[in-house]
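Student: This is a predicted model, with the sequence first.
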Amino acid sequence: MRTLLRTATLSAALTLAAGGLVAGAAATASAAGKNCDAGTKLDAYGVVGGGSSYAYAGRNVQLLNGRTRNYTHGQIISGYHRGDRTWVDRSRNKMPKTPKHPSTALVKSHGGWKQCGPFNSSTTDSVTNWDTSKVRHYAVRVCIDPAGSRPYHCGAWYTDAS
């Protein structure tokens, strides 16, 4: 099991380094957590840059944006420690298409956000990144609370306006 997990982590890291897409989803609870829109979903996930994916406290964290089913989740791809907590924030209301990485103040001015999690896991459940039927784009970000003395940290907000 450890070898399989290590291989999956290495594969994801190599895909990230190559700038590609990560297919699939990590295993988490099958039911969506409070304020989440779904558990993790199989999809063709792109790694979001621009500060939305980041390194913090010895962990490498990715915001993964689904290109097919319009879900987003977060994941610690390396450096995970037992006791780490992860979650995804998503704006409550529709966001403008630009900027692609809005400020926290802009997200607050559009009604704030809901928190999907936290999870005592390296992977979060998913939130909808945009609603095609209502043409609503949402801002999302991934946060971690690393085990130990460091305070929590959130990456940059990202609005999927594709």
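Tutor: Received, thanks.

Student: residue boundaries of the strands in the chain?
Tutor: Secondary structure of the chain (DSSP state E): strands at 21-23, 44-47, 54-56, 59-66, 71-78, 85-91, 113-119, 127-128, 130-131, 136-137, 139-145, 153-154, 158-159.

Student: export those to a markdown table and tack on distance to Lys100?
Tutor: Using the backbone N, CA and C atoms, a C-beta is placed for each residue, glycine as well. Shown next, in a markdown table, are the strands of the chain (distance: least, C-beta to C-beta, whole Å):
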| stretch | distance to Lys100 |
| --- | --- |
| strand 21-23 | 18 |
| strand 44-47 | 13 |
| strand 54-56 | 16 |
| strand 59-66 | 11 |
| strand 71-78 | 14 |
| strand 85-91 | 13 |
| strand 113-119 | 17 |
| strand 127-128 | 17 |
| strand 130-131 | 13 |
| strand 136-137 | 10 |
| strand 139-145 | 10 |
| strand 153-154 | 17 |
| strand 158-159 | 6 |
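
Student: out of those, nearest to Thr98?
Tutor: strand 158-159 (7.9 Å; C-beta to C-beta).

Student: rewinding a little: could you dump the strands of the chain into JSON lines with distance to His101 and mean pLDDT added?
Tutor: Converted to JSON lines, the strands of the chain look like this (distance: least, C-beta to C-beta, whole Å; pLDDT from 0 to 100):
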{"stretch": "strand 21-23", "distance to His101": "20", "mean pLDDT": "37"}
{"stretch": "strand 44-47", "distance to His101": "14", "mean pLDDT": "91"}
{"stretch": "strand 54-56", "distance to His101": "12", "mean pLDDT": "97"}
{"stretch": "strand 59-66", "distance to His101": "11", "mean pLDDT": "96"}
{"stretch": "strand 71-78", "distance to His101": "14", "mean pLDDT": "95"}
{"stretch": "strand 85-91", "distance to His101": "13", "mean pLDDT": "96"}
{"stretch": "strand 113-119", "distance to His101": "15", "mean pLDDT": "95"}
{"stretch": "strand 127-128", "distance to His101": "17", "mean pLDDT": "92"}
{"stretch": "strand 130-131", "distance to His101": "15", "mean pLDDT": "81"}
{"stretch": "strand 136-137", "distance to His101": "13", "mean pLDDT": "88"}
{"stretch": "strand 139-145", "distance to His101": "9", "mean pLDDT": "97"}
{"stretch": "strand 153-154", "distance to His101": "12", "mean pLDDT": "96"}
{"stretch": "strand 158-159", "distance to His101": "6", "mean pLDDT": "95"}
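
Student: Many thanks, have a good one.
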